[in-house]
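In: missing the sequence, but the structure's below:
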């Protein structure tokens with residue numbers, strides 16, 4: 001094992017970010033923008049794991065928690081439906097059950113407004129945040145203005161007064177309900193089964209989430225950031241202050257350590273005696289490289305709870321949540337199901353040239369990530385657990401991380417994002 005670096009080594013980083021998903025990349029860019037020497041480490045190329053596979057939605061109005069009042073009534077039907085939005089591996093059910101009960105508890109009527117406000121705080125400036133990061137790269141067009149079209153087969157369900165839409169409206173979202181004819185004019189490729197839709201305005205979509213990660217990583221290197229492709233195996237507080245982390249290359253020291261490794265962050269924290277109630281929520285997408293049809297906006301099928309969007313790589317259909325634990329084999333039935341849903345959504349879809357993907361979302365029961373210095377562990381900063389919202393929450397998370405590391409006062413209450421909020425300890 002190599003000798004750990006020390007505070008006196010010239011050129012050593014001021015801060016090391018573990019995890020080069022979109023949250024880690026935005027954190028590293030914001031840190032570098034404060035004049036700090038930054039090292040970014042991941043086993044994968046930047047932005048090419050979980051962040052690569054999302055639906056590409058960049059919405060300030062992603063303020064509706066995953067757990068909502070009455071959700072418990074829908075879960076059994078979803079689990080029994082082979083094309084439904086949720087699946088649980090039977091052998092994994094005893095392990096995920098306590099998390100599931102916490103998740104349902106967070107959806108009580110008296111709790112969702114508080115969660116929604118915290119989500120809004122992180123998502124509100126996401127479109128501008130990406131435009132700032134992409135500025136000067138020559139790839140500013142990777143983020144394009146878009147509606148989010150929530151399409152329903154039952155016209156009564158396209159309701160501006162639904163609980164979710166009331167939460168969006170409270171945050172300032174502009175929305176409009178349209179009928180079948182207007183929806184057909186807006187998105188002619190969609191099935192005529194849809195009878196109405198709610199348009200959520202004032203947002204954007206990513207034309208290639210993976211390429212955004214690559215472009216921003218290149219920008220980080222252009223401003224002096226260092227990127228290493230290594231597998232992190234452990235972290236420990238150093239006796240003299242700061243942190244050590246271990247990879248296959250040995251052990252290194254860093255004054256401050258940012259933990260942005262998604263669901264794998266929880267595995268590292270277990271070594272410190274910290275248990276985060278974070279589940280690996282596997283997501284899937286299928287991508288049609290020559291679809292023969294195009295969508296003008298991001299589309300949510302409100303009946304089957306999946307999203308479709310046209311991207312540089314083709315037409316992507318993403319969604320479903322599978323609870324099976326880390327490092328389980330792919331569930332081909334989920335991929336096949338998504339492909340069938342895509343064909344139902346888009347009757348003229350050419351589905352011959354199809355690619356598939358799967359990744360692990362890091363999900364906590366309250367739909368909120370962990371952000372801030374981990375209680376009891378100085379200079380260890382959490383930036384993980386963003387569930388379905390990593391793309392939206394990444395720019396603001398990165399700015400908060402930069403504030404915390406640089407000692408800049410954070411004039412907002414970060415208590416909702418405490419890493420150890422589920423433990424019985426004082427904030």
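Out: Arrived safely, thanks for sending. Keep in mind that what you see is a predicted model, and the values were worked out from it rather than measured. Numbering: from 1, shown residues only.

In: number of residues surrounding residue 409?
Out: 7 (other C-beta atoms under 10 Å). The C-beta positions use only the backbone N, C-alpha and C, and glycine is treated the same way.

In: now it, what's its secondary structure?
Out: Secondary structure, DSSP: H, G, I helix; E, B strand; the rest coil: residue 409 is coil.

In: can you check the pLDDT for residue 115?
Out: As predicted, residue 115 sits at a pLDDT of 97.

In: element containing it, please.
Out: According to DSSP states H and E, residue 115 maps onto helix 112-123.

In: who touches that helix?
Out: If you take C-beta atoms under 8 Å, 6 or more residues apart in numbering as the criterion, helix 112-123 is touched by 59-65, 67-69, 106, 163, 167, 170-171, 366-369, 389, 392-393, 396-397, 412, 416-417.

In: please redo it, this time with the cut-off set to 7 Å
Out: Residues outside helix 112-123 that contact it (C-beta atoms under 7 Å, 6 or more residues apart in numbering) are 59-60, 62-65, 68, 106, 167, 171, 366-368, 389, 392-393, 396-397, 412, 416.

In: do the same with stretch 345-357
Out: 53, 189-191, 284-293, 301, 308, 335, 339, 342-343.

In: so residue 227 touches residue 221, yeah?
Out: Yes: contact criterion C-beta atoms under 7 Å: residue 227 and residue 221 qualify, at 6.2 Å.

In: between these two, point out the one with more neighbours.
Out: Neighbour count, other C-beta under 10 Å: between residue 227 and residue 221, residue 227 has more, with 19 against 14.

In: which residue comes closest to the more buried one once chain neighbours are left out?
Out: Nearest in space to residue 227, with sequence neighbours left out and distances taken as C-beta to C-beta, 6 or more residues apart in numbering, is residue 40 at 4.9 Å.

In: that neighbour contacts residue 229, correct?
Out: No: using C-beta under 7 Å, residue 40 is not in contact with residue 229; the gap is 9.8 Å.

In: now do stretch 55-75, average pLDDT.
Out: If you average the pLDDT values across stretch 55-75, you get 91.

In: where do the strands of the stretch 301-427 of the chain begin and end?
Out: Using DSSP state E, counting those that start in this stretch, the strands assigned to the stretch 301-427 of the chain run over residues 306-311, 314-323, 354-363, 370-373, 380-384.

In: dump these to a markdown table, plus mean pLDDT, mean neighbour count and distance to residue 142.
Out: Shown next, in a markdown table, are the strands of the stretch 301-427 of the chain (pLDDT from 0 to 100; neighbours: other C-beta atoms under 10 Å; distance: least, C-beta to C-beta, whole Å):
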| stretch | mean pLDDT | mean neighbour count | distance to residue 142 |
| --- | --- | --- | --- |
| strand 306-311 | 96 | 24 | 10 |
| strand 314-323 | 88 | 23 | 14 |
| strand 354-363 | 90 | 20 | 18 |
| strand 370-373 | 98 | 22 | 25 |
| strand 380-384 | 98 | 27 | 22 |
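
In: between these, which one is nearest to residue 180?
Out: Smallest distance to residue 180 across these (C-beta to C-beta): 18.0 Å, for strand 306-311.

In: OK, contacts around residue 201?
Out: So residue 201 contacts 147, 174, 175 (C-beta under 7 Å, 6+ apart).

In: on that earlier part again, who's more crowded, residue 40 and residue 229?
Out: Ranked by neighbour count (other C-beta under 10 Å), residue 40 and residue 229 place residue 40 first, with 29 against 13.

In: give the other helices and strands that the helix or strand harbouring that one contacts.
Out: Following DSSP H and E, one finds residue 40 within strand 38-42. Contacts defined by 3 or more C-beta pairs under 7 Å, 6 or more residues apart in numbering; DSSP states H and E place strand 38-42 against strand 15-18, helix 22-33, strand 226-229.

In: CSV for those, including distance to residue 244 and mean pLDDT?
Out: CSV is the format used below for these (distance: least, C-beta to C-beta, whole Å; pLDDT from 0 to 100):
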stretch, distance to residue 244, mean pLDDT
strand 15-18, 10, 98
helix 22-33, 19, 98
strand 226-229, 15, 98
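
In: do you know which of those lies nearest residue 207?
Out: Minimum separation from residue 207 across these (C-beta to C-beta) falls at helix 22-33, 14.6 Å.

In: how distant is that closest one from the center of its chain?
Out: Using C-alpha atoms, centre = their mean, to the nearest Å, the mean C-alpha position of helix 22-33 is found 15 Å from that of the whole chain.

In: and the contacts of that helix?
Out: Outside helix 22-33, the residues within contact range by C-beta under 7 Å, 6+ apart are 15, 17, 38, 40, 42, 46-47, 51, 133, 213, 216-217, 219-220, 223-225, 258, 260, 383, 386, 390-391, 394-395, 397-399, 401-402, 405.

In: filter those residues to the buried ones?
Out: With burial judged by 16 or more other C-beta atoms under 10 Å, the buried subset of those is 15, 17, 38, 40, 42, 46-47, 51, 133, 213, 216-217, 219-220, 225, 258, 260, 383, 386, 390-391, 394-395, 397-399, 401-402, 405.

In: next, the angle strand 314-323 makes with the least confident helix or strand in the chain by mean pLDDT.
Out: Across the helices and strands of the chain, mean pLDDT, DSSP states H and E gives its lowest value to helix 71-80, namely a mean of 79. For helix 71-80 against strand 314-323, the angle by axes from the mean of the first three to the mean of the last three C-alpha atoms, to 10 degrees is 110 degrees.

In: next, the buried residues of helix 71-80.
Out: 75, 78.

In: tell me which strands and helices it is in contact with?
Out: strand 86-88.

In: inside helices: which ones of the contacts of stretch 345-357?
Out: 335, 339, 342, 343 (DSSP state H).

In: any chance of the residues you listed in CSV, plus distance to residue 102?
Out: Converted to CSV, these look like this (distance: C-beta to C-beta, whole Å):
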residue, distance to residue 102
335, 29
339, 33
342, 33
343, 36
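
In: quick one: which of these is most hemmed in?
Out: residue 342 (22 neighbours).

In: which residue packs closest to that residue, ignoring adjacent ones?
Out: residue 317 (4.3 Å).

In: wait, the one you found touches residue 308, no?
Out: Yes: assessed by C-beta under 7 Å, residue 317 is found in contact with residue 308 at 4.8 Å.

In: can you list residues touching both of these two?
Out: residue 342.

In: could I get the contacting residues of residue 402?
Out: Residue 402 sits next to 30, 31, 33, 34 when contact means C-beta under 7 Å, 6+ apart.

In: and the first one, how far from residue 265?
Out: I take that to be residue 30. Distance of residue 30 to residue 265, given as C-beta to C-beta, to the nearest Å: 18 Å.
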